[in-house]
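Enquirer: please find the sequence and the predicted model below.
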Amino acid sequence: MENPKNGYSVQQYKGPVKRYCQTLDLRDNAELIAEYRRRHARENVWPEVLKGIREVGILEMEIYILGTRLFMIVETPLDFDWNTAMARLSTLPMQAEWEDYMAEFQLVKAGMSSAEKWQLMERMFHLY
């Protein structure tokens, strides 16, 4: 089992990539959060959703959790256009159904797309 104190390995790419960071809040209910985590276990995420994420050009996607707060990191090629990719993602097979399937756990309005739910975060500091 992974341990946050040990850190997480990071995918290596042949060239530079860019990163998008997003946040979203879950409902404050331990049973709902446990089910949300279960649905995001690798074997439970719908294959069509994983395929769609890659199809729009996303190289890596990670979601971290602390209490009810989610933090997502998305890594993409440098020429990736966020708005174009998110618009396309929302039209791919099973994506809207997946968003509805997850909405009961999230502090969002029904029918929202991924781009509407997940709020892009502003980087306010970096070391390098």
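Expert: Thanks, I have it. Numbering: from 1, shown residues only.
Enquirer: pLDDT at the spatially most central residue of the chain, what is it?
Expert: Centroid check for the chain by C-alpha atoms, centre = their mean gives residue 72 as the closest residue, at 4.8 Å. Predicted confidence (pLDDT) for residue 72: 98.
Enquirer: same check, this time on residue 1
Expert: On pLDDT, residue 1 comes in at 65.
Enquirer: can you check the one 3 residues further on too?
Expert: Model confidence at residue 4, given as pLDDT, is 88.
Enquirer: for residue 75, pull up the helix or strand it's in.
Expert: Taking DSSP states H and E as the criterion, residue 75 maps to strand 69-77.
Enquirer: quick one: the strands in this protein?
Expert: Assigned by DSSP state E, the strands in the chain fall at 17-25, 60-66, 69-77, 119-120.
Enquirer: with distance to residue 48 as extra columns, can I get those in JSON lines?
Expert: In short, each C-beta sits where N, CA and C put it, glycine included. Formatted as JSON lines, those follow (distance: least, C-beta to C-beta, whole Å):
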{"stretch": "strand 17-25", "distance to residue 48": "21"}
{"stretch": "strand 60-66", "distance to residue 48": "15"}
{"stretch": "strand 69-77", "distance to residue 48": "18"}
{"stretch": "strand 119-120", "distance to residue 48": "24"}
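Enquirer: brilliant, that's me finished.
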